[in-house]
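In: model the structure of this input:
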Amino acid sequence: MPPAHVPRVYDFPPPPPPLLEAEAAEQEEEESGSLPMSPPILLLPPDALHNVLGRLPLLQALACRSVCHLFRDAISSPSFLAALPPVRLLALRHPRAAASTPSLHAFDTALGRWLRLPLSFLPFPSSSPVTASPSLLYLWADTSAAPSAVGDPKNPKSLILCNPLARSYRLLPPLGSAWSRHGTVLAGPGGAALVLTELAALAYAPGADRWLKFSLNLPSKPRSPILMGGAVYTLCDVGTPWRSQWKLFSCGLHDLGGPRRWAPIERHEWGDVFDILKRPRLLPGAGGGRILMIGGLRSSFAIDAPCSTVLILRLDLATLEWDEAGRMPPEMYRCFGGVVPGPVAAAAAVAGGNNKVKVFGGDGRVWFSGKRVRGKLAMWEEEAIGKSRGGVWRWLDGLPGYNEGVYRGFVFDAGFTAMP
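Out: Numbering: from 1, shown residues only. Below you'll find the predicted structure:
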């Protein structure tokens, strides 16, 4: 059943109309010969007007472009737009990407409402957003059907950098369909990109005309790699085909092609911290100095043991110490088909209680989606060190446009601080 209350989806940014009613009335007064009285704000010098408008949030500032020509000219200045703080969004990836939907749904974490970012300015029949860096969105696109000046029929898959607010984009050197199917894209600052597969990595630096290839030399396929502070962190399975055993590895971006390369991060004091979680995943924590590891909490060390809930562990990179950051409440975990310990736990496990939960987010916020949870996401927000442990758990209702499928997403700071 649809949720009782579905929040309105806002188009972002709203297009300014060609002529407003106030301007039309002013034009009629000028034609009739009477002198209109200008509002005092229109008499402000440009510096004072920028000072007033610069105190508005980005969404409200963009909406002011529809007030009058003076506001539109003032707010369209690149230096003014770049000075506005970006908007923290959760961008959703459609479970079944449709070529006829050139837009991206995103959730404004500050105002608690859904937005629609138009992508119709991209000259490609289909595109799939995968990650983001400040102000820049990274998308896979099939360029074979694009104009000959843009597309490459021999290598149809390419990464695209775009700023959806400025409606500008840039095509990166083509990679081919194999990298788009099996590669994990990590977004670096200023348009840098890193694509990881099981055996190799491709790195792209802004201004370059090609990708640099490096051998990974990892014991297994990297799982949920993240980029933090100039280094890549990833999980690798070093166990056997019958039992997984996870280990944390790291490598600096400048060491990808050097002799040091990847090194395990481990301490004897950690004990069995990697063995208590099933299907762990890494995400950046708040502040840039902590890593979150999220997975199902095993009820025992047996291979087929069911999970009792979702556990969030936090690693402080300065001290290399783990602590428990959060644990999904039992009533929330039941909605995902999870098995909560009790007299019927074994029967529920046989019936398929261990339902997979998709995890995504970053910077201290984690979202969870699953096939049994339709139209909403579970959300956890990290609290500052020293406050009450456990974080904040709540539901995010009213996912727009989709009624089925498992959602994925990523954090996107939308703004004008970078251009493709």
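
In: quick one, strands of the stretch 201-350 of the chain?
Out: With DSSP state E, counting those that start in this stretch as the criterion, the stretch 201-350 of the chain has strands at 212-215, 223-228, 231-237, 246-252, 263-265, 277-284, 290-298, 307-316, 321-327.

In: closest one to residue 335 among those?
Out: Nearest to residue 335, of all the strands of the stretch 201-350 of the chain, is strand 307-316, at 11.5 Å by CB to CB. The way it works is simple: take the backbone N, C-alpha and C, and place the C-beta from them, glycine included.

In: so what touches the closest one?
Out: For strand 307-316, the surrounding residues in contact (CB atoms under 8 Å, 6 or more residues apart in numbering) are 248, 273, 276-278, 285, 289-299, 321-330, 333, 338-341, 354, 357, 366, 368, 380, 382, 391.

In: of the residues you listed, buried ones?
Out: 248, 273, 276-278, 285, 290-299, 322, 325-328, 333, 338-340, 354, 357, 366, 368, 380, 382, 391 (16 or more other CB atoms under 10 Å).

In: what sits closest to residue 104 if chain neighbours are left out?
Out: Closest residue to residue 104 apart from its sequence neighbours, by CB to CB, 6 or more residues apart in numbering: residue 117 at 4.4 Å.

In: packing partners of the host helix or strand of that neighbour?
Out: Following DSSP states H and E, the helix or strand that holds residue 117 is strand 113-118. Under the contact definition 3 or more CB pairs under 8 Å, 6 or more residues apart in numbering; DSSP states H and E, strand 113-118 sits against strand 9-11, strand 103-108.

In: least reliable of the ones you listed going by mean pLDDT?
Out: Of all the helices and strands packed on strand 113-118, the minimum mean pLDDT falls on strand 9-11 (a mean of 61).

In: ok so, going back, tabulate the strands of the stretch 201-350 of the chain (TSV), appending distance to residue 157.
Out: Below are the strands of the stretch 201-350 of the chain laid out as TSV (distance: least, CB to CB, whole Å):
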stretch	distance to residue 157
strand 212-215	16
strand 223-228	20
strand 231-237	22
strand 246-252	26
strand 263-265	32
strand 277-284	25
strand 290-298	30
strand 307-316	34
strand 321-327	37
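
In: closest one to residue 131 among these?
Out: Once the strands of the stretch 201-350 of the chain are compared by CB to CB, strand 223-228 is nearest, at 9.5 Å.

In: elements contacting the helix or strand harbouring residue 375?
Out: Assigned by DSSP H and E, residue 375 belongs to strand 373-381. Packed against strand 373-381 by the contact rule (3+ CB pairs under 8 Å, 6+ apart) you find helix 330-335, strand 365-370, strand 392-397.

In: would you tell me which of the strands of the stretch 201-350 of the chain gets closest to residue 44?
Out: Among the strands of the stretch 201-350 of the chain, if distance is taken as CB to CB, the winner is strand 277-284, at 41.7 Å.

In: partner strands of that closest one, with direction?
Out: strand 290-298 (antiparallel) (DSSP bridges).

In: picking that back up, could you check the angle strand 290-298 makes with the strand holding residue 375?
Out: 130 degrees (axes from the mean of the first three to the mean of the last three CA atoms, to 10 degrees).

In: next, the buried residues of strand 373-381.
Out: In strand 373-381, counting by 16+ other CB under 10 Å, buried: 373, 374, 375, 377, 378, 379, 380.

In: quick one: the second one from residue 78, how far?
Out: This means residue 374. Residue 374 is 42 Å from residue 78, where distance means CB to CB, to the nearest Å.

In: same deal with the last one?
Out: In this structure, residue 380 and residue 78 are separated by 37 Å, where distance is defined by CB to CB.

In: the third one too?
Out: For residue 375, the distance to residue 78 (CB to CB) stands at 39 Å.

In: just for the stretch 201-350 of the chain, where's the confidence low?
Out: Per-residue confidence of the stretch 201-350 of the chain (counting by pLDDT under 70) places the weak regions at 259-260, 301, 303, 338-350.

In: how is the chain divided into domains?
Out: 12-83, 121-215 (automatic domain parsing).

In: which of these is buried the deepest?
Out: domain 121-215 (a mean of 18; mean count of other CB atoms under 10 Å).

In: that one spans what distance, first to last residue?
Out: For domain 121-215, the first-to-last residue distance is 36 Å (CA to CA, to the nearest Å).

In: what do you get for stretch 186-199?
Out: From its first residue to its last, stretch 186-199 covers 16 Å (CA to CA).

In: what sits up against that stretch?
Out: So stretch 186-199 is in contact with 131-134, 136, 138, 159, 161, 170, 172, 175, 179, 182-185, 201-206, 211, 215-216, 220-222, 225-227, 232, 234, 253, 418, 420, going by CB under 8 Å, 6+ apart.

In: just those residues: which are in helices?
Out: Among those, the subset assigned to helices under DSSP state H consists of 179, 182.

In: hang on, the earlier thing: tell me the contacts of the residue nearest to residue 104?
Out: 12, 91, 103, 104, 105, 106, 164, 165, 414.
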